[in-house]
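S.K.: Here is my input; please provide its structure:
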Amino acid sequence: MKKIVFLLVLFANTILAQSIDDIFYSANDFYKNEKFDKAIELYHQIESKGTISVELYYNLGNSYYKINKVGPSIYYFEKALKLDPTNEDAQNNLIFAKRLALDNIQEIPKNIFQKINANYLQKLSYNQWAIVSVVFSFLACILFLLFYFANSPTIKRIYFGSSISSFLLLIICFSITYNQYSFSQNNKEAIVFAETSTVKNAPTFNSEEVFILHEGTKVIVLDRIDNWKKIKLADGKQGWIIAKEIKEI
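M.R.: Residues are numbered from 1 along each chain as shown. Here you go, the predicted structure:
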């Protein structure tokens, strides 16, 4: 009975995978024929089924870019880079998409540690850093076992030194993994979807206007109260925006 259930589940998953692939190929055909609205509709069908990938988000970003939808275009390129920060195609197309945005936010100058984090450490997601940590943990264990069973004093020293180095690298990678995870949890990024959005100094409609943002601007979400979200810009400015006018990445 268990075998029959297993085969039925496997068969259902196979059919579902084939269906999603067919939809994806159809969406790509619509994109090639410049029927971008149809392509977007099919790509969103795939997304609604819980199937996500760099290719899906990348294609959605391109499709929205073709119809001059700045916010969604930037949003999906950013989503693609969340899954694969090293994807050069998404990086390059994101640059083009950002040129359509009206707001020109100047970032606060970074210190040396922030630059290292942005330019090197964030090239891998915290999940990828976790995999690197696991690799070094296995490597440290294997090298220690080789040291333990080795007979030659010279070979033992080599294995011992290598195992210690692997263990130190494990600690470093684990620390980076934890920091990247904490950073992602405490810095929830979002994209402005409204064409024009007024940012207030308090989460009420009658509060004072602080500044105005336009579609496609990237913000960091700090807090939420009712239908308002507190945001922070790259230049350090903060304020409250209506929650539905932005979409978290």
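S.K.: Please pull out the lowest mean pLDDT helix or strand from the chain.
M.R.: Between all helices and strands in the chain, the lowest mean by mean pLDDT, DSSP states H and E belongs to helix 2-32, at a mean of 67.
S.K.: Phi first, then psi, for residue 53.
M.R.: phi -160, psi 160 (degrees, to the nearest 10).
S.K.: That one contacts residue 84, correct?
M.R.: No - look at residue 53 against residue 84 with CB atoms under 8 Å: they stay out of range, at 9.4 Å. For every residue, glycine as well, the C-beta is placed using N, CA and C.
S.K.: If you count surrounding residues, which of the two has more?
M.R.: residue 84 (20 against 15; other CB atoms under 10 Å).
S.K.: In contact with the residue lying closest to the more buried one once chain neighbours are set aside: list those residues for me.
M.R.: Leaving aside its sequence neighbours, residue 84 sits nearest to residue 54 (CB to CB, 6 or more residues apart in numbering; 4.7 Å). Shown in contact with residue 54 (CB atoms under 8 Å, 6 or more residues apart in numbering): 80, 83-84, 87, 90.
S.K.: Strands of this structure, residue ranges please.
M.R.: Secondary structure of the chain, counting by DSSP state E: strands at 188-192, 196-200, 209-214, 218-225, 228-232, 238-242, 246-248.
S.K.: just checking, what packs against the second one?
M.R.: For strand 196-200, the helices and strands in contact under the criterion 3 or more CB pairs under 8 Å, 6 or more residues apart in numbering; DSSP states H and E are strand 209-214, strand 238-242.
S.K.: Could you list the residues in contact with it?
M.R.: 207-215, 228, 231, 239-242, 245-246.
S.K.: what residues are up against residue 108?
M.R.: 234-236.
S.K.: one step back: relative to residue 181, which of the helices and strands packed on strand 196-200 is closest?
M.R.: Closest to residue 181 of those is strand 238-242 (CB to CB; 24.0 Å).
S.K.: can I have the closest one written out in CSV, keeping just the CAs?
M.R.: These are the backbone C-alpha positions of strand 238-242, laid out as CSV (Å, rounded to 0.1, in the frame of the first residue of the first chain):
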residue,chain,number,x,y,z
GLN,A,238,13.5,57.8,7.8
GLY,A,239,9.8,58.1,7.7
TRP,A,240,6.4,56.3,7.6
ILE,A,241,4.8,55.1,4.4
ILE,A,242,1.5,53.4,3.6
